[in-house]
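>>> Give the three-dimensional model of this entry:
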Amino acid sequence: MKLLFVYESLRVFEDKEGNYYTGWSQKIWDRYLNTFDNMSMICRKDTKIYEYEFANNHFELLDKDRIKFIEIPDLHSSLKSYLNKKTRLNLYKKIEQEVKASDYIIVRLPNKISVMTINLAKKYNKPFLVEVVGCAWDSLWNHSYKGKILAFSNYMSMKKALKSAPYALYVTNEFLQQRYLCDGKTIGVSDVTLPELDERVLQNRILKVNTLKDLQPIIIGTLGAINVKYKGQEYVIKAISKLKKKGYNFEYHIAGGGDNSYLKSIAEKYDVLDQVKFLGALPHEDVFQYLDNLDVYIQPSKTEGLPRALVEAMSRACPVLGSRVGGIPELVNEDFTFNNGSVSEICKLLKKIDKQTLKKEALRSFEKAKVYENSYLDKRRTSFFEEFIESVGICNDKSITRCK
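Model (predicted):
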């Protein structure tokens, strides 16, 4: 069985030896490869060619034997490219060719290329499943002025695409389901990848809290792209600046790829450059170590589906704060949420932090994260994929025991 996977927002990186990489771990790709024989993947490619050593240390190698990468142009690089009829026609033909050659199609929304693929799947009567990982309105409205122009039309096209989808997998339990209704079969399964939780993680966290010294800075952190303004790191920088003037001692450790010049300028302007540490993109195996070094994890986004980094932080028994957007309120204690962009509310929450609060929230995070363990989510996701496959009647003898 051949799967076509479409996600415009995913980036493929290339090294000088011609190897391909993504920011996704192999565990994510195994979700599909354990069910389908092989797959083609439509997404964008980073324009930079990396040194082998850098790419191997910062990205995850793509299995070129089982995953065929199909590059598409970045229509969002400029309004001119977005409106170019020839570029869009060539893109349409390329996707049409892949749709016709595939047995099954899985697309991720929101993005325009996935909507285009859904329409082609309907045209050629190809079975398709939609993975809903975010909100078209929120992501575009909070992106830029150009995004605000495109937000409504993209929101409506996503609603239309979801409404008629035969199968839809949402990464949230409530938020995206309520905003984008689907008449087909649905399930709520996060796309986070967590190993089985170890109780020693919680014990180590409590020990870390107990040994905090009064003059020691409280370390807060955010994991995510640093060149995307809707991730909201600037509001945390402004908050620790206000708190610094009142005698509070915080450090903000920001991990993630991208150009840090904007956030660095904010830190300089608000006189907290010494308190803001830019750690760059972290290899996946280093993420848990980064999270273990934090005292508090904060997700200050202006738009989200259900952020994987937040769930990962909770799995390390890290106390968490988050904005009231997307699926974040499904994860975070209501008492520790804030309106997105509200520096004053972030300050208020950070001022509440003490040892007792940290221990209480560490326990809550750890218990909440248990429902996101791989073994549990993988069973639900695989069962949903198999139901999707069986409904069409194309069998894979390796993994499917019966067909309708």
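
>>> so P217 makes contact with Q275?
Yes - using Cβ atoms under 8 Å, P217 is in contact with Q275, at 7.5 Å. Where you see a C-beta, it was placed from the backbone N, CA and C, and this is true even at glycine.

>>> which neighbours do these two share?
Overlap between the contact sets of P217 and Q275, as judged by Cβ atoms under 8 Å, 6 or more residues apart in numbering, is given by 250-251.

>>> ok, the two, which is more surrounded?
Set side by side, P217 and Q275 show more neighbours around Q275, with 20 against 15, by other Cβ atoms under 10 Å.

>>> how close does the residue lying closest to the more buried one once chain neighbours are set aside sit to L358?
Excluding its sequence neighbours, the residue lying closest to Q275 (Cβ to Cβ, 6 or more residues apart in numbering) is E251, at 5.1 Å. Using Cβ to Cβ, to the nearest Å, we find E251 at a distance of 15 Å from L358.

>>> okay, the two: which has more neighbours?
L358 (22 against 18).

>>> In contact with the nearest residue to that one once chain neighbours are set aside: list those residues for me.
In this structure, L358 finds its nearest non-sequential neighbour in V209, 4.6 Å apart by Cβ to Cβ, 6+ apart. V209 sits next to 295, 355, 358-359, 362 when contact means Cβ under 8 Å, 6+ apart.

>>> give me that answer again for 10 Å
Residues near V209 by Cβ atoms under 10 Å, 6 or more residues apart in numbering: 295, 317, 319, 354-362.

>>> ditto for T193
Counting by Cβ under 10 Å, 6+ apart, T193 makes contact with 24-28, 30-31, 284, 308, 311-312, 372-374, 377-378.

>>> Just the ones in helices from these, please.
Using DSSP state H, the subset of the contacts of T193 located in helices is 26-28, 30-31, 308, 311-312, 374, 377-378.

>>> Buried ones only from the residues you listed, please, as a ChimeraX command.
Applied in ChimeraX, the following selects the buried portion of those according to 16 or more other Cβ atoms under 10 Å:
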select :28,31,308,311,312,377,378
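
>>> Put together TSV for the ones in helices among the contacts of T193, with distance to M116 on each row.
Converted to TSV, these look like this (distance: Cβ to Cβ, whole Å):
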residue	distance to M116
Q26	28
K27	29
I28	23
D30	27
R31	24
R308	26
V311	31
E312	32
N374	32
L377	29
D378	30
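
>>> Quick check: phi and psi on N111?
Phi and psi for N111, reported as degrees, to the nearest 10, are phi -180, psi 150.

>>> Determine the number of other residues adjacent to the residue lying closest to M41 once chain neighbours are set aside.
Leaving aside its sequence neighbours, M41 sits nearest to F5 (Cβ to Cβ, 6+ apart; 4.8 Å). Per other Cβ under 10 Å, the neighbour tally for F5 reads 23.

>>> Am I right that F5 is in a strand?
Yes - per DSSP: H, G, I helix; E, B strand; the rest coil, F5 lies within a strand segment.

>>> from what I can see it touches V99, true?
No - between F5 and V99 there is no contact, the gap being 11.9 Å when judged by Cβ atoms under 10 Å.

>>> Quickly list what's touching both of those two.
40, 42, 105, 117.

>>> buried subset of the residues you listed?
Counted by 16+ other Cβ under 10 Å, the shared contacts of F5 and V99 give 40, 42, 105, 117 as buried.

>>> Out of these, flag the one nearest to F288.
I42 (31.2 Å; Cβ to Cβ).

>>> Who is the closest one paired with across the strands?
Bridge pairing for I42 (DSSP bridges) gives the partners V6, I70.

>>> Tell me which residues touch the closest residue to K16 other than its chain neighbours, please.
Nearest non-adjacent residue to K16, counting by Cβ to Cβ, 6+ apart: I49, 5.8 Å away. Applying Cβ under 10 Å, 6+ apart, one finds that I49 lies in contact with 13-18, 55.

>>> Checking my notes, I49 in a strand, right?
Yes - with the criterion set as three-state DSSP, the secondary structure at I49 is a strand.
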